[in-house]
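Peer 1: Got a predicted structure here, sequence first:
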Amino acid sequence: MKFKQLLGKINTIVENAPEQTFGGGLYIGDPQGARGQSPLTDKGTFNIKLPNSLDAINAMLYSFSNKDYIDPDGLSSVIKQKLNHFGFDFMCNGKLADGDNAYELVQYGSPQLGVYGQNPYQDVNKEGFRQGDGIKEKLGHSLKLHINVQRMPTGLRKVTAVIVPCETSSYNGDSIGSDCGCMH
């Protein structure tokens with residue numbers, strides 16, 4: 001078979017190509033199409049104010065629960081990378097302990113600082129810089145990523161990951177004035 005014939009038989013390779021996972025992958029797809037529902041839609045799953053955005057993201061995270069792992073530590077990096085598609089990030093040392101693991105989420109910010117900046121319509125001399133998680137001002141509450149690791153009788157580990165609402169976040173403290181994070 002020649003290369004041109006092979007290319008004719010392969011679907012077009014594009015960035016964000018579909019993943020064959022239960023609950024969809026990261027491809028802009030048609031819910032009634034052959035590949036099923038997908039977390040990324042033309043509505044923008046990154047817009048967490050939309051009613052089904054978090055459900056779509058949790059459906060993608062559920063796809064990781066259908067597999068068993070010998071060592072789930074590498075999975076935290078994969079989950080982190082997948083959540084980065086939606087602007088989410090979290091602080092993780094790469095080690096997942098057996099049992100519950102909870103991580104505070106930030107959207108469009110750094111897991112070290114959170115979302116940090118200033119509204120251009122406010123006077124920085126009076127109100128200072130604002131810091132938060134980038135989520136509470138959109139939803140009215142913060143979000144956490146819960147990853148549960150269960151050791152099965154076979155010696156393998158089952159991992160369940162889900163994003164849940166939470167009342168408080170360490171990123172949402174009021175830092176005003178000189179607590180700006182710089183070295184002055």
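Peer 2: Good, I have the coordinates.

Peer 1: Show me the strands in this structure, by range?
Peer 2: 68-69, 88-89, 99-104, 106-107, 115-117, 130-132, 142-151, 157-166 (DSSP state E).

Peer 1: So which of those is nearest L54?
Peer 2: Nearest to L54 among these is strand 157-166 (5.9 Å), distances taken as Cβ to Cβ. Just so you know, the C-beta spots here come from the backbone N, C-alpha and C atoms, and that holds for glycine as well.

Peer 1: Extract the C-alpha set from the longest helix along the chain and format it as PDB.
Peer 2: Longest helix of the chain, by residue count under DSSP state H: helix 73-84. Provided in PDB are the C-alpha atoms of helix 73-84 (Å, rounded to 0.1, in the frame of the first residue of the first chain):
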ATOM      1  CA  ASP A  73       0.500   8.200  40.700                       C
ATOM      2  CA  GLY A  74       1.000   9.000  37.000                       C
ATOM      3  CA  LEU A  75      -2.800   9.500  36.700                       C
ATOM      4  CA  SER A  76      -2.700  12.800  38.700                       C
ATOM      5  CA  SER A  77      -0.600  14.300  35.900                       C
ATOM      6  CA  VAL A  78      -3.000  13.100  33.200                       C
ATOM      7  CA  ILE A  79      -6.000  14.500  35.100                       C
ATOM      8  CA  LYS A  80      -4.100  17.800  35.600                       C
ATOM      9  CA  GLN A  81      -3.300  18.000  31.900                       C
ATOM     10  CA  LYS A  82      -6.900  17.200  30.900                       C
ATOM     11  CA  LEU A  83      -8.300  19.800  33.300                       C
ATOM     12  CA  ASN A  84      -5.900  22.400  31.900                       C
END
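
Peer 1: and it, what does it pack onto?
Peer 2: Applying 3 or more Cβ pairs under 8 Å, 6 or more residues apart in numbering; DSSP states H and E, one finds that helix 73-84 makes contact with helix 53-62, strand 142-151.
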